[in-house]
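S.K.: no sequence for this one, just the structure:
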């Protein structure tokens, strides 16, 4: 079965979904997708982007230096009425004009895991169990205070790590208030 036949078979499984009323309903790809929601289809060991294949089926090959862009901003859409050609610069301008530029703390619908600023540690830091309240903690508040005092008196990170059953790197983080920062009232991350 060639690419056109496989694509037509997958197209029959697609579903119309109204995302942008003035454009009409999108034809959403129901086959395999990339992480950010774009449809994908295999051809002779290559993985192709479904909306690009949709464009090529209707209009022919995409010229060099051009990309297939979505007017509906819906990554799984393969409706050729919602697709147009443009350059990477056009794509960036379109993204910026519609306010779709990522800002670091923006939640992307198709991501399945919390990454970076979307991680719960950033969005709800008050809910994090810190210090001895953390179930995986190997040290108590008193141990941390003793480590800081002994380090100030000249004991090495390696010796302290062996004594308390933690790595020398952890000892370094503790004495620099990178970890266990709240043990003696300093805010987290302070130097």
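M.R.: That came in fine, so what should we check first? None of these values were measured; they are calculated from a predicted model.

S.K.: give the buried residues for stretch 70-88.
M.R.: Residues 70, 72, 73, 74, 75, 76, 77, 78, 79, 80, 82, 83 are the ones in stretch 70-88 that count as buried (16 or more other Cβ atoms under 10 Å). All C-beta atoms are positioned from the backbone trio N, CA, C, and that covers glycine.

S.K.: ok, these vs residue 146, which is closest?
M.R.: residue 75 (54.0 Å; Cβ to Cβ).

S.K.: domain assignment for the chain?
M.R.: The record assigns the chain these domain ranges, following automatic domain parsing: 3-115, 126-184.

S.K.: could I get the ones you listed as JSON lines with mean pLDDT?
M.R.: Below are the domains of the chain laid out as JSON lines (pLDDT from 0 to 100):
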{"stretch": "domain 3-115", "mean pLDDT": "82"}
{"stretch": "domain 126-184", "mean pLDDT": "86"}
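
S.K.: so which of the buried residues of stretch 70-88 sit within helices?
M.R.: Using DSSP state H to define helices, no part of the buried residues of stretch 70-88 is located there.

S.K.: redo the residues you listed as CSV? Include distance to residue 3.
M.R.: Below are those laid out as CSV (distance: Cβ to Cβ, whole Å):
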residue, distance to residue 3
70, 21
72, 24
73, 26
74, 23
75, 20
76, 19
77, 19
78, 14
79, 19
80, 16
82, 21
83, 17
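
S.K.: which of the residues you listed sits closest to residue 26?
M.R.: Of the buried residues of stretch 70-88, the one sitting nearest to residue 26 (Cβ to Cβ) turns out to be residue 77, at 3.9 Å.

S.K.: got the contact list for that closest one?
M.R.: Neighbouring residues of residue 77 by Cβ atoms under 8 Å, 6 or more residues apart in numbering: 19, 26, 27, 28, 29, 51, 70, 83.
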